[in-house]
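# Return atomic coordinates for the entry below.
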Amino acid sequence: MNSATAAWLLEIDNLHVHFVTPRGVVRAVEGISYKVRAGEVVALVGESGCGKSVSSLAIMRLLAHNGRVSSGRILFESRDLLKLADEEMRAIRGRDIAMIFQDPMTSLNPVLTIGFQIMEPLLLHLRLSPDAARARALELLNRVGIPDAARRLDQYPHQFSGGMRQRVVIAIALACNPKLIIADEPTTALDVTIQAQILKLMKDLARDLDIALVVITHNLGIVARYADRVNVMYAARMAEQGAAGAVFAKPLHPYTAGLLRSVPRLDQPRGLRLETIDGAPPDLLAPPPGCRFAPRCAARQPACEQGLPDMIEVATDRYTACLRSRELDRVGPLALGLQAVAAGGAVVKPVNRDTPLLSVRGLKTYFDVSTGLKTFGGRRAEVRAVDDLSFDVFRGETVGLVGESGCGKTTVGRTLLRLEKSTAGTIHFGGTDVTHAGADTLKNYRRKMQVIFQDPFSSLNPRMTIGDSIAEPLLVYQLQPDKAAARAKVIELLRQVGLFEYMAGRYPHELSGGQRQRVGVARALALEPEFIVCDEPVSALDVSIQAQIINLLEDLQKKLGLTYLFIAHDLAVVRHISDRVIVMYLGRVMEIADRDALYAEPLHPYTQALLEAVPVPDPVIEARREHRVLGGEVPSPLAPPSGCVFHTRCPRADAACKIERPPLREVRTGHFAACIKI
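Reported below is the predicted structural model:
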């Protein structure tokens, strides 16, 4: 690698990490090397299970009990972290090196307040007084955009939304102003506006304070906008390295080319079908002898399957592990069959618009969060999570539901599933009122309406194997005659979502985040439902598997006539899969329209701000774009603004917006917006 004059803060040199399991040794990381300078943002990308998170856990020396670094060096400020005593490493961990973990719920202690968990590293490493630590914790919560921060300090993780928990984890990592931050999917649970705020904050800190930032992500738009250099991993090995602009402009490894073509983009016409990388990553218990990517590569040759390719320098500061990299550099991916000329055939959805399958009218879901009459001046404190929502979903249709974290999207889904009790309004499914359905009706209703949850770890029983978790509903509803038939169905479902058969015997903690999410998809499909509430179903997946799952959902919809409510914060994905889109903010609907109309000409200022915040996976375009970050903070749901709830952040708001609550009205045929300025 090109060692420039600036000293390296972090150097990973030929790192190997192995895990000993009952089935054999899993070679999770094999011979990877990369370097990071102070003040630099380096991205680590690749498919789920490729070793990105494991390599970072090795840096932190937080590997599981059955994991070990078999060889290699990890140099931090020229000190080999692998040779430090445990006490020396504890002094560095959290102080000089901080990590933002992928799953915020499992990295936060459920029995400790948010305030204490932010204060803890300040008390231990910086020796601040309790008052000073609390003041710093309050400053950090405000900095990462959590509303009503003073009150939130004394709350617990379960009282926060998924996105807000992620912001708390980021605040903890920033607490001691570390020299290196390792961010493992730091914005997976965040909407695009907060994602833009957080990443801009982290990059500004990296440059202003000379903090090095290693970002592990599957969002290539984030990489294009914020990363200086990119490391692409595949199946425990490094595939390609180089400056972000160069890698995006001309990928020199077939896998990198495949990742880039799998991404749905807002700056290009919507494809008829997402391109994917065929097949699945190899089993790291018994990887193929040659190039790990060869079984899935359209450009493979016999030599590719005979030996592991070395990492070579193809151009200045461009490294790749591919035997055909120089040829790829010369003729491009299309000539080698690595890029399709057209994006597959059309997916025709048989949508029946005569009678809605799901009809929601005036839905309200309020939560009483009063903690004492003295605190709230004798008034009842309630959160209006969903406030007067009405919409229809027709059989065979996909309706997208978007909005910032805490806007009520997930509460809508949980209320439809009757996991939350509605305060007012009605829910009709298939012509039957299920708002207050009894036990028998509810059991039948829940078989027809399934869910893919946002957090795959907390939705899976940690004491049950993956196979048992998927088989359980099949046996409860007696859809399979016996356990043997149920097991066969489980294997079929696992293969359908791109998982190996042997994973049926594993437990949730033995799978990566993306693999657990695919298990959630398989479990939702098990009962062959009519309607699926997809709550961030692809947020934890890398782009290639994300494309496979989206295509799978579309294929199943066409084949089985399925209907989806697709809750997501990735607006490019929503544009691809949805027929109509609902935009929510602080419990209320801002805009409803057909997909093409909403993306071509959004009417509400909030929808416009959401679309402007979406990063494009192209560093050249990102360098030209004006990155306008939506200012202000989401108001506290305990004290929503009067009038239009968005007026506190709206660039077009005036005095009337503070008084008048705009109704949702049909501005154009089929296009509804709640704004008095339209």
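# low pLDDT regions in the stretch 351-500 of the chain?
351, 370-380 (pLDDT under 70).
# Show the residue spans covered by the strands in it.
Along the stretch 351-500 of the chain, counting by DSSP state E, counting those that start in this stretch, strands occupy 352-368, 382-395, 398-403, 424-429, 432-433, 449-452.
# so which of those gets nearest Asp86?
For the strands of the stretch 351-500 of the chain, distance to Asp86 was read as CB to CB. The smallest value, 40.4 Å, belongs to strand 449-452. In short, each C-beta sits where N, CA and C put it, glycine included.
# Tell me the neighbouring strands of the closest one, and mark each as parallel or antiparallel.
Strands flanking strand 449-452 in the sheet, each with its direction: strand 531-535 (parallel) (DSSP bridges).
# which element is Val29 on?
In this structure, Val29 sits in strand 24-37 according to DSSP states H and E.
# Which SSE is immediately downstream of that strand?
Next along the chain after strand 24-37, taking DSSP H and E as the criterion, comes strand 41-46.
# Can you verify my assumption that Ala64 contacts Val17?
No: under the criterion of CB atoms under 8 Å, Ala64 is not in contact with Val17, lying 10.5 Å apart.
# re earlier: can you list the buried residues in the strand holding Val29?
When neighbours are counted by 16 or more other CB atoms under 10 Å, the buried residues of strand 24-37 are found to be Val26, Arg27, Ala28, Val29, Glu30, Gly31, Ile32, Ser33, Tyr34, Lys35, Val36, Arg37.
# Please report the distance of the second one from Val497.
Between Arg27 and Val497 the distance, using CB to CB, to the nearest Å, works out to 24 Å.
# cool, the fourth one as well?
Counting by CB to CB, the separation of Val29 from Val497 is 25 Å.
# Next, count neighbours for Glu11.
By other CB atoms under 10 Å, 19 other residues sit near Glu11.
# A helix includes it, no?
No: secondary structure assignment places Glu11 outside any helix; it is strand (DSSP: H, G, I helix; E, B strand; the rest coil).
# and the residue nearest to it when sequence neighbours are not counted, bridged to which residues?
Distances taken as CB to CB, 6 or more residues apart in numbering place Leu75 nearest to Glu11, at 4.1 Å, with adjacent residues excluded. Going by DSSP bridges, Leu75 is paired in beta bridges with Glu11, Asp80.
# contacting residues around Leu75?
With contact taken as CB atoms under 8 Å, 6 or more residues apart in numbering, Leu75 is in contact with Trp8, Leu10, Glu11, Asp13, Leu81.
# Run through who's touching stretch 418-433.
Residues outside stretch 418-433 that contact it (CB under 8 Å, 6+ apart): 355-366, 386, 388-390, 411, 414-416, 434-435, 437, 441-442, 445-446, 448-449, 530-531.
# In ChimeraX, how would I select just the buried ones from the residues you listed?
The ChimeraX selection below is limited to those of the contacts of stretch 418-433 classed as buried (16+ other CB under 10 Å):
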select :356,357,358,359,360,363,364,365,366,386,388,389,411,414,415,416,434,435,437,445,446,448,449,530,531
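# Phe442 is in contact with Val434, isn't it?
Small correction: residue 442 is Leu, not Phe. Yes: shown here, Leu442 and Val434 form a contact pair, counting by CB under 8 Å, at 7.2 Å.
# Next, Val54: secondary structure please.
Reduced to three states by three-state DSSP, Val54 is helix.
# and the residue lying closest to it once chain neighbours are set aside, what does it touch?
With CB to CB, 6+ apart as the criterion, Val54 has its nearest non-adjacent residue at 4.5 Å, and that residue is Ala28. Ala28 makes contacts with Val17, His18, Phe19, Gly51, Val54, Gly67, Ala236, Leu284, as judged by CB under 8 Å, 6+ apart.
# of all the strands of the stretch 351-500 of the chain, which lies closest to Arg324?
Taking CB to CB as the criterion, strand 449-452 is the member of these that comes nearest to Arg324, at 38.3 Å.
# Distance from the closest one to the middle of the chain?
Its chain's C-alpha centre and that of strand 449-452 lie 19 Å apart, by CA atoms, centre = their mean, to the nearest Å.
# Now do that strand: everything it contacts.
413, 416-417, 429, 517, 520-521, 524-525, 527, 529-535, 537.
# Also stretch 118-133?
Outside stretch 118-133, the residues that touch it by CB under 8 Å, 6+ apart are 91, 94-95, 134, 136-137, 140-141, 153, 168, 171-172, 175-176.
# Now go through these and say which are in helices.
Secondary-structure check on the contacts of stretch 118-133 using DSSP state H: residues within helices are Ala91, Arg134, Arg136, Ala137, Leu140, Leu141, Val168, Ala171, Ile172.
# how far away is the fourth one from Gln117?
Summarising the geometry, the distance separating Ala137 from Gln117, computed by CB to CB, is 9 Å.
# Of the two, give the one with the bigger neighbour count.
Neighbours were counted for Ala137 and for Gln117 using other CB under 10 Å; Ala137 has more, 26 against 21.
# neighbours around the closest residue to that one other than its chain neighbours, how many?
Taking CB to CB, 6+ apart, and ignoring the residues beside it in sequence, Ala137 has Ile118 as its nearest neighbour in space, at 4.0 Å. If you count neighbours by other CB under 10 Å, Ile118 ends up with 24.
# Verify the stated contact: Ile678 with Val667.
Yes: applying CB under 8 Å as the test, Ile678 and Val667 come out as touching, 5.6 Å apart.
# which neighbours do those two share?
With contacts defined as CB under 8 Å, 6+ apart, the residues shared by Ile678 and Val667 are Leu603.
# Would you mind writing the CA trace of stretch 198-213 as PDB?
This file holds the C-alpha atoms of stretch 198-213, laid out as PDB (Å, rounded to 0.1, in the frame of the first residue of the first chain):
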ATOM      1  CA  ILE A 198     -25.100  12.600  12.300                       C
ATOM      2  CA  LEU A 199     -22.700  11.800   9.500                       C
ATOM      3  CA  LYS A 200     -22.000  15.400   8.900                       C
ATOM      4  CA  LEU A 201     -21.300  15.800  12.600                       C
ATOM      5  CA  MET A 202     -19.000  12.800  12.700                       C
ATOM      6  CA  LYS A 203     -17.100  13.900   9.600                       C
ATOM      7  CA  ASP A 204     -16.700  17.400  10.900                       C
ATOM      8  CA  LEU A 205     -15.400  16.000  14.200                       C
ATOM      9  CA  ALA A 206     -13.000  13.800  12.300                       C
ATOM     10  CA  ARG A 207     -11.500  16.700  10.500                       C
ATOM     11  CA  ASP A 208     -11.700  19.400  13.200                       C
ATOM     12  CA  LEU A 209     -10.400  17.100  16.000                       C
ATOM     13  CA  ASP A 210      -8.300  14.800  13.900                       C
ATOM     14  CA  ILE A 211     -10.500  11.800  14.800                       C
ATOM     15  CA  ALA A 212     -10.100   8.900  12.500                       C
ATOM     16  CA  LEU A 213     -13.400   7.300  11.500                       C
END
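# So which bits of it are buried?
Using 16+ other CB under 10 Å as the test for burial, stretch 198-213 gives Ile198, Leu199, Leu201, Met202, Lys203, Leu205, Ala206, Ile211, Ala212, Leu213.
# quick check, nearest of these to Gln548?
Taking the buried residues of stretch 198-213 together and measuring to Gln548 by CB to CB, the closest member is Leu199, at 26.4 Å.
# quick one: contacts for the closest one?
With contacts defined as CB under 8 Å, 6+ apart, Leu199 is in contact with Pro186, Thr187, Ile222, Arg225, Tyr226.
# Show me those residues that map onto strands.
Among the contacts of Leu199, the subset assigned to strands under DSSP state E is empty.
# among the residues you listed, who's most crowded?
In terms of neighbour count, Pro186 stands highest of the contacts of Leu199 at 28 neighbours, by other CB under 10 Å.
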